[in-house]
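Trainee: Sequence below, structure please.
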Amino acid sequence: MNSLYDISQKYVEAFENLNVDEETGEIIDFEAIEALAQQFDEKIENIACYIKNNVSMIAALKAEEATFSDRRKRLERRVDGLKRYITSCMDTVGRDRFETPLCRITFRKSESVNIEDEGKIPAEYIIVVEQRKPDKAAMKKAIQSGQVIDGISLLEKRNIQIK
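Mentor: Next up, the predicted model:
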């Protein structure tokens, strides 16, 4: 079976090399062109259906990703809650260690900064994060209204729609 590219090339060649009966103006061997057109249409249809199938699969995978993410977050919250529960109970009975053949629970100390009032923090301890991002929507409107902006131009695209 020929590829879409091959069929396209043969289709163009067939039109470039048309044999026309000079007396009647009739195209000779038009059936070959019709056969190529049919092959082209079938191949396009098959590829479009394949694309639609993949788009459906992508949507299903995204939905599953969201489901897995929700399940993971739910389990993480459950684990955090159970850890707080064990910590609270062990603090209540005054234990800082627990060990059996199946598990061992210990605590390690750590330190973190607790910000009580961000407004009172001296400037030397503040990091300013600046983010530059071109406003493409505003630039597009400006160019469409006739304004010339150095360094940018509108790029016209053809986006295929398969339904």
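Trainee: What helix or strand is Cys49 located in?
Mentor: When secondary structure is defined using DSSP states H and E, the element that contains Cys49 is helix 30-93.
Trainee: Are there helices or strands packed against that helix, and which ones?
Mentor: With contacts defined as 3 or more Cβ pairs under 8 Å, 6 or more residues apart in numbering; DSSP states H and E, the secondary structure elements packing on helix 30-93 are helix 4-16. In this view, the C-beta of every residue, glycine as well, is placed from N, C-alpha and C.
Trainee: Which secondary structure state is assigned to Ser112?
Mentor: coil (DSSP: H, G, I helix; E, B strand; the rest coil).
Trainee: picking that back up, the next helix or strand after the helix holding Cys49: partners in the sheet, and parallel or antiparallel?
Mentor: Read in the C-terminal direction, the helix or strand following helix 30-93 is strand 97-99, with elements assigned using DSSP H and E. Applying DSSP bridges to the sheet, strand 97-99 is found paired with strand 104-106 (antiparallel).
Trainee: buried stuff in the next helix or strand after the partner strand?
Mentor: Stepping forward along the backbone from strand 104-106, the first helix or strand reached (DSSP H and E) is helix 136-144. Buried residues in helix 136-144, counted by 16 or more other Cβ atoms under 10 Å: Met139.
Trainee: And for stretch 9-26?
Mentor: Taking 16+ other Cβ under 10 Å as the neighbour-count basis, stretch 9-26 is seen to contain the buried residues Lys10, Ala14.
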